[in-house]
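> mind looking at a prediction? Sequence and model below.
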Amino acid sequence: VELLRAALVHVFTETKITEKSARESFSGIVNAPRVPVEEVIVRLIDRLREAPLYLDSFFSESNDRGDVIAKFIGILELLKSHIISLEEEEFSDGGVTDMLSHLRLSLIASDDEIKAAALETSYT
């Protein structure tokens with residue numbers, strides 16, 4: 001612990017960052033409301049049980065940076081667990097379009113597979 005503290009003091013000294021300025025810079029991050037990834041995962045699975053969802057619309061509903069990050073991590077976890085898929089829809093206009101509007105999240109796992117994955121991780 002003492003070695004880590006000494007390294008941090010060295011970094012502050014070299015970069016001319018004071019402890020006060022570091023605290024001020026990071027206060028927004030440290031004091032930001034926490035968005036539990038597990039809750040995001042549960043809500044996303046519930047929504048995908050109803051219908052596929054476009055990636056851009058899912059992220060556009062985000063309130064802040066923490067929510068976006070939690071959603072991104074949740075999607076990665078569900079992709080890794082083979083609970084959802086991310087597919088690009090084919091479009092026929094041949095022009096350059098916004099790729100996000102063509103990326104669709106779909107639920108591909110059964111309830112039993114979701115429960116098994118939840119036991120391996122920590123979401124339900």
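Nice, I can see it.

> what sits against residue 73?
By Cβ atoms under 8 Å, 6 or more residues apart in numbering, the contact set of residue 73 is 37, 40. In short, each C-beta sits where N, CA and C put it, glycine included.

> same question for residue 24.
Residue 24 neighbours (Cβ under 8 Å, 6+ apart): none.

> and residue 40, by the same measure?
Taking Cβ under 8 Å, 6+ apart as the criterion, residue 40 is in contact with 67, 70-71, 73-74.

> distance of it from residue 16?
Separation of residue 40 from residue 16 (Cβ to Cβ, to the nearest Å) stands at 38 Å.

> repeat for residue 23
Going from residue 23 to residue 16 by Cβ to Cβ gives 15 Å.

> repeat for residue 107
51 Å.

> looking at those two, which one has more neighbours?
A count of neighbours by other Cβ atoms under 10 Å puts residue 107 above the other of residue 107 and residue 16, at 21 against 7.

> sec struct for the residue most central in space within the chain, please.
Closest to where the C-alpha atoms of the chain average out (Cα atoms, centre = their mean) is residue 72, at 2.2 Å. Counting by DSSP: H, G, I helix; E, B strand; the rest coil, the backbone at residue 72 sits in helix.

> what pLDDT does it get?
On pLDDT, residue 72 comes in at 94.

> roughly how far does it sit from residue 65?
For residue 72 relative to residue 65 (Cβ to Cβ), the value is 10 Å.

> just the helices in the chain please.
Secondary structure of the chain, counting by DSSP state H: helices at 2-15, 19-30, 37-50, 55-60, 65-80, 111-120.

> export those helices to TSV and tack on distance to residue 86?
Shown next, in TSV, are the helices of the chain (distance: least, Cβ to Cβ, whole Å):
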stretch	distance to residue 86
helix 2-15	38
helix 19-30	28
helix 37-50	11
helix 55-60	7
helix 65-80	6
helix 111-120	17
